[in-house]
Structure formats: structure tokens, C-alpha cells
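> Have a look at this fold, sequence not included:
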């Protein structure tokens with residue numbers, strides 16, 4: 001059977017653990033808030049109404065592609081493309097290519113940052129493989145202007161962080177929604193994780209600062225993972241309605 005992502009791929013290791021995916025989610029939730037194209041996510045009304053669900057759906061689609069058989073992965077990618085085209089048709093405008101690239105670049109960047117924060121440094125070959133997998137998704141979607149190597153992606157990623165982010169009224173409202181849906185304690189913890197994982201520009205715009213609490217918690221959390229007790233901590237930080245979704249992300 002032909003797979004979209006090799007069974008022994010580092011990408012499967014990253015996207016096969018709920019812990020890593022939670023950190024990817026945290027980073028993306030920060031960057032979505034300051035992306036200049038966030039108004040597209042507000043257009044449908046789904047993001048402010050259910051910001052956690054909307055972001056989880058993005059993560060779920062990405063994970064579906066990572067673990068799918070080749071033809072099924074292509075179908076999932078085509079479905080994502082069709083959903084975006086439908087939104088464009090309703091609004092009577094096109095989502096800019098740079099906005100598509102931004103989301104793709106987030107998946108690459110936060111996959112790397114999350115794994116390295118929770119596990120270990122990635123090798124040059126693994127970094128190139130992560131880039132290649134998600135770049136293939138972008139090519140299938142017909143996204144223009146994609147880089148053709150990990151090194152070129154790093155340069156473009158910095159350019160996108162510099163040019164495509166801004167703190168706006170959408171940013172402020174989205175964080176209000178995060179706080180409303182998470183509650184104060186979980187919202188505080190989310191911002192701590194974001195402060196540790198977000199790139200410099202995102203951190204600067206959102207004034208996330210340093211993350212002293214998460215730096216204290218992480219060594220304990222890593223130790224709990226080794227003896228398979230991490231669910232205790234997860235259950236403290238996850239909203240009740242999302243626990244089944246997240247815990248099911250673990251690939252045994």
C-alpha cells in the first residue's frame with residue numbers, strides 16, 4: 001500500500017502524539033490571531049463562535065493527511081481546497097497566496113518547535129522531511145510561490161513573520177474568545193505555552209513575554225510521560241468537551 005507519509009517518517013512521530021499536537025495547536029492559535037488574513041476566518045463566523053473547535057479542525061485535517069493512504073490523503077487535500085474555494089465564492093474575493101502559505105508554514109514551523117521542545121533536536125534530514133511532506137500538501141492545493149527546499153523555507157518563513165503579521169481588533173477579540181471558552185486558568189496556561197513556543201515576532205505583537213511557569217512544568221511533564229502518567233496533567237488543562245478529541249490523537 002502506498003502512503004502519503006512513510007510509516008517510519010518523523011512526521012508521523014510528531015503528529016502521532018497528543019502532547020505534541022497540543023503544542024502545535026497552542027502556537028497556531030497565537031499566530032492566527034495576528035495574521036493579516038484573520039478576517040477570512042472571521043468571515044464565516046466559525047472562528048469567534050468556536051475558536052478551539054475551528055483550530056482543532058485544522059489540526060484534524062492535517063493529521064488525517066499524515067496518516068492516510070496516498071489516494072485518501074489527496075482526497076482530503078482536495079476537500080480542504082474545495083472548502084476554501086467555497087468561502088472565496090461566498091465573499092466574492094480570493095484568499096491571497098501568502099495567506100495560504102502562512103498556514104502551511106505554521107504547520108511546518110510548529111511541528112518542528114513542538115517536537116524539539118518536548119522531545120529532542122531534529123536532524124537536518126528530519127527537518128528536510130518535515131518540510132517536504134507539508135510542501136507536497138501545498139503543491140497539491142495549487143498554492144503559488146512555495147519554496148523548493150527547507151533552507152529556502154526558513155528564509156521565507158522569516159519574511160512572512162516580518163511582513164504578514166499585525167495586531168488588530170481581530171487579535172484582541174480572538175483572545176477574548178480564547179479566555180471565554182477556556183476559563184482563566186486554562187487561558188493563562190495557554191499563554192504560557194504560547195510564550196515558550198511562538199516565534200519572536202508573534203511573541204512581540206501579543207506581548208506574551210517569557211514563560212516561567214511552563215519552564216518549571218515541562219521537566220515534570222516529560223518525566224510523567226516516561227511513566228505514562230501525563231494524562232493526569234492533560235486532564236487538568238483540557239476543557240471537558242475536547243478531552244476525547246485530544247486523547248484520541250495518540251497513535252498507539
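It's in. Quick caveat: nothing in here was measured; it's all calculated off a predicted structure.
> Can you report how many residues lie near residue 48?
Using other Cβ atoms under 10 Å, residue 48 has 16 other residues around it. Yep, even glycine has a C-beta here, placed from its N, CA and C like the rest.
> Check which helices and strands the helix or strand residue 39 falls within sits against.
Secondary structure assignment for residue 39, by DSSP states H and E: helix 38-43. For helix 38-43, the helices and strands in contact under the criterion 3 or more Cβ pairs under 8 Å, 6 or more residues apart in numbering; DSSP states H and E are helix 46-49, helix 70-91, helix 169-182.
> Okay, buried residues for it please.
Buried residues in helix 38-43, counted by 16 or more other Cβ atoms under 10 Å: 38, 40-41.
> among these, which one has the lowest pLDDT?
Minimum pLDDT across the buried residues of helix 38-43 is recorded for residue 41, with 77.
> Tell me the backbone dihedrals of residue 144, please.
Phi and psi for residue 144, reported as degrees, to the nearest 10, are phi -80, psi 150.
> which ones are touching it?
residue 97 (Cβ atoms under 8 Å, 6 or more residues apart in numbering).
> Which residues does the helix holding residue 39 contact?
For helix 38-43, contacts defined as Cβ under 8 Å, 6+ apart pick out 32, 47-48, 54, 87, 90-91, 95, 99, 168, 170-171, 174.
> Stretch 108-116 too?
Contact with stretch 108-116 is made by 10-11, 13-15, 20-21, 23-24, 27-28, 122, 127, 130-131, 134, 153, 157, 197, 199, as judged by Cβ under 8 Å, 6+ apart.
> okay, the helices and strands packed on helix 38-43 in JSON lines with distance to residue 209 and mean pLDDT next?
Conversion of these to JSON lines gives the following (distance: least, Cβ to Cβ, whole Å; pLDDT from 0 to 100):
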{"stretch": "helix 46-49", "distance to residue 209": "25", "mean pLDDT": "71"}
{"stretch": "helix 70-91", "distance to residue 209": "34", "mean pLDDT": "93"}
{"stretch": "helix 169-182", "distance to residue 209": "14", "mean pLDDT": "92"}
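> want to throw those into a markdown table with distance to residue 190?
As requested, the helices and strands packed on helix 38-43 are exported to a markdown table (distance: least, Cβ to Cβ, whole Å):
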| stretch | distance to residue 190 |
| --- | --- |
| helix 46-49 | 16 |
| helix 70-91 | 25 |
| helix 169-182 | 6 |
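> Okay then, goodbye and thanks.
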